[in-house]
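# got a sequence here, can you build the structure:
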Amino acid sequence: MTNNTSSLKKKSKLSSLLNPKYMTVYATVSLFIFAFIAGSVIYGDKGFSTLRTFFNIFIDNAHLGISAVGMTVVLISGGIDLSVGAVAALTTMIISFGSENLGIHPYICIAIGIFVGCLFGFLMGSMIYYFKVPPFISTLAGMFMARGLCAIISRSSIPIRHEAFELIAKWKIKFSKPPASINLAVLIFFAMIIVGVFIMHSTKFGRNVYAIG
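I've put the predicted structure just below:
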């Protein structure tokens with residue numbers, strides 16, 4: 001009886017792991033591993049196969065991954081968001097202009113930038129929900145508005161020289177053997193993945209998103 005119970009538990013765990021809803025995750029991870037192995041075989045003599053290079057892949061693309069977590073929710077719901085890049089540019093423009101040109105503390109500028117980004121999302125979401133504007137149209141309008149605000153704030157690049165940004169950029173978790181490190185952006189990216197998975201699989205909101213999509 002005990003053997004039958006344990007075998008049933010193993011089968012249930014295996015069936016849950018082989019659930020079709022996880023196939024896209026497995027495919028993404030498999031493609032990443034395959035690409036890294038291929039790069040290690042081709043460019044291994046140039047240091048591609050080191051742990052530092054592996055971590056650098058996440059460091060260089062953490063901002064894309066953070067955006068992708070939010071975009072995944074939008075795409076699952078059956079919508080689309082064309083304003084992601086423009087809103088990201090606007091928030092960074094607000095942060096740089098406020099800290100360098102207006103003398104506001106960078107942390108306050110970061111909070112203002114996050115608020116503005118959320119405000120754009122709220123306004124475009126309200127257009128979609130309350131006024132039944134197609135997501136393509138509302139986010140396209142948001143994209144043009146964000147771009148226009150960027151041009152109004154400054155038409156030239158703004159150098160960032162405040163020491164607070166330097167401290168954030170230099171903050172790292174270092175590994176001695178083998179030598180490698182990860183920065184704050186990577187930790188935020190991993191935290192966003194965990195939060196996104198929890199919201200989508202363990203909350204009513206996530207179930208509604210899957211149901212709508």
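# please give me every residue in contact with residue 146.
For residue 146, the residues meeting the contact criterion (C-beta atoms under 8 Å, 6 or more residues apart in numbering) are 83, 86, 87, 89, 90, 120. The way it works is simple: take the backbone N, C-alpha and C, and place the C-beta from them, glycine included.
# go through the residues you listed and name the one nearest residue 50.
Ranking the contacts of residue 146 by separation from residue 50, with C-beta to C-beta as the measure, puts residue 89 on top at 32.9 Å.
# in the protein, which spans are strands?
Taking DSSP state E, the strands of the chain run over residues 172-175, 180-183.
# show me what the mean pLDDT comes to for the last one.
Pointing back at strand 180-183 there. Averaging pLDDT along strand 180-183 gives 92.
# could you do stretch 30-39 as well?
Confidence over stretch 30-39, taken as the mean pLDDT, stands at 93.
# how about the helices in this structure?
Applying DSSP state H to the chain gives helices spanning 2-17, 23-43, 51-76, 84-100, 106-130, 135-153, 163-170, 184-202, 204-212.
# what residues sit buried inside the third one?
So that's helix 51-76. Within helix 51-76, the residues that qualify as buried are 53, 55, 58, 59, 62, 65, 66, 67, 68, 69, 73, 74, counting by 16 or more other C-beta atoms under 10 Å.
# before we move on, back to that, would you reformat the contacts of residue 146 as TSV and include distance to residue 197 and neighbour count?
Compiled in TSV, the contacts of residue 146 are given as follows (distance: C-beta to C-beta, whole Å; neighbours: other C-beta atoms under 10 Å):
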residue	distance to residue 197	neighbour count
83	24	22
86	27	21
87	24	27
89	28	15
90	28	24
120	25	21
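# nearest to residue 147, of those residues?
Closest to residue 147 out of the contacts of residue 146 is residue 86 (5.0 Å), distances taken as C-beta to C-beta.
# so which pair among the contacts of residue 146 is furthest apart in space?
Largest separation among the contacts of residue 146 by C-beta to C-beta: 89 and 120, giving 11.6 Å.
# need the contact list for the residue nearest the centre of the chain.
Nearest to the centroid of the C-alpha atoms of the chain, with distances taken as C-alpha atoms, centre = their mean, sits residue 66, at 1.1 Å. For residue 66, the set of contacting residues under the criterion of C-beta under 8 Å, 6+ apart consists of 185, 188, 189, 192.
# quick one: contacts for residue 147?
With the criterion set at C-beta under 8 Å, 6+ apart, residue 147 makes contact with 86, 89, 90.
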